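Participant: have a look at this prediction, sequence included:
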Amino acid sequence: MRLTRFTDVALRVLMRLAVAEDREPPTTREVAATMRVPYTHTAKVVARLQHLGLLDARRGRGGGLTLTQAGRSASIGSLVRELEGPEEVVECEGDTPCPLRSACQLRGALREAQDAFYATLDPITVTDLVTAPTGPLLLGIGNGPPPD
């Protein structure tokens, strides 16, 4: 299973904010630069995470991004399910339906593998992802110009 770029960026944004709690809240532009992700993509991710209640975004002087309690304790499995959507690993019913779909054992095996993937991620929280050595590394990443 491969995560979309959107989900990857969302997880990295949450991790970055999880280690920034004792500092001045970073802006979306600063997080984009730190994570080396285009600002426009980061802004879309931030909007979605804010909609999900995982972070607060404030504009202007004294503004920035902060992780909510829900964001700190969010299950990575639940978050990935939410961001990736209900899609299966393979599409058997699409525009060109698979001729094996009525008797295929592969689809069930892949669904079990996908369920195991999520089950592995379910007990892990955003806070868990930023324990050493990751947290200190995230704090040490400098703010360069964001890619566009």
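Facilitator: Yes, it's here.
Participant: switch to C-alpha atoms for all contacts and neighbour counts from now on
Facilitator: Will do.
Participant: the bottom helix or strand of the chain by mean pLDDT?
Facilitator: Ranking every helix and strand in the chain by mean pLDDT, DSSP states H and E puts helix 134-140 at the bottom, with a mean of 78.
Participant: starting at the chain centroid, how far to it?
Facilitator: Helix 134-140 has its C-alpha centroid displaced from the chain centroid by 17 Å (CA atoms, centre = their mean, to the nearest Å).
Participant: for stretch 9-24, same thing?
Facilitator: Offset of stretch 9-24 from its chain centre (CA atoms, centre = their mean): 11 Å.
Participant: repeat that for stretch 123-131.
Facilitator: In this view, stretch 123-131 has its centroid 12 Å away from the chain centroid, taken as CA atoms, centre = their mean.
Participant: repeat for stretch 36-55
Facilitator: Taking CA atoms, centre = their mean, one finds the center of stretch 36-55 at 9 Å from the center of the full chain.
Participant: hey, C-alpha coordinates of it in CSV?
Facilitator: Extracted in CSV, the C-alpha atoms of stretch 36-55 (Å, rounded to 0.1, in the frame of the first residue of the first chain):
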residue,chain,number,x,y,z
ARG,A,36,10.5,21.0,2.1
VAL,A,37,7.0,20.9,0.7
PRO,A,38,5.4,23.6,-1.6
TYR,A,39,3.5,26.2,0.3
THR,A,40,0.3,25.7,-1.7
HIS,A,41,0.2,22.0,-1.0
THR,A,42,0.9,22.6,2.7
ALA,A,43,-1.9,25.2,2.9
LYS,A,44,-4.4,22.7,1.6
VAL,A,45,-3.2,20.1,4.1
VAL,A,46,-3.4,22.6,7.0
ALA,A,47,-7.0,23.5,5.9
ARG,A,48,-8.0,19.9,6.0
LEU,A,49,-6.3,19.2,9.3
GLN,A,50,-8.0,22.3,10.8
HIS,A,51,-11.3,21.1,9.5
LEU,A,52,-10.7,17.7,11.3
GLY,A,53,-10.0,19.6,14.5
LEU,A,54,-6.4,18.5,14.7
LEU,A,55,-4.8,21.9,14.6
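Participant: now the strands for the protein?
Facilitator: For the chain, the strands defined by DSSP state E cover 55-58, 64-67.
Participant: so what does the first one touch, helix or strand wise?
Facilitator: The criterion is 3 or more CA pairs under 8 Å, 6 or more residues apart in numbering; DSSP states H and E, and the helices and strands that strand 55-58 contacts are helix 39-51, strand 64-67.
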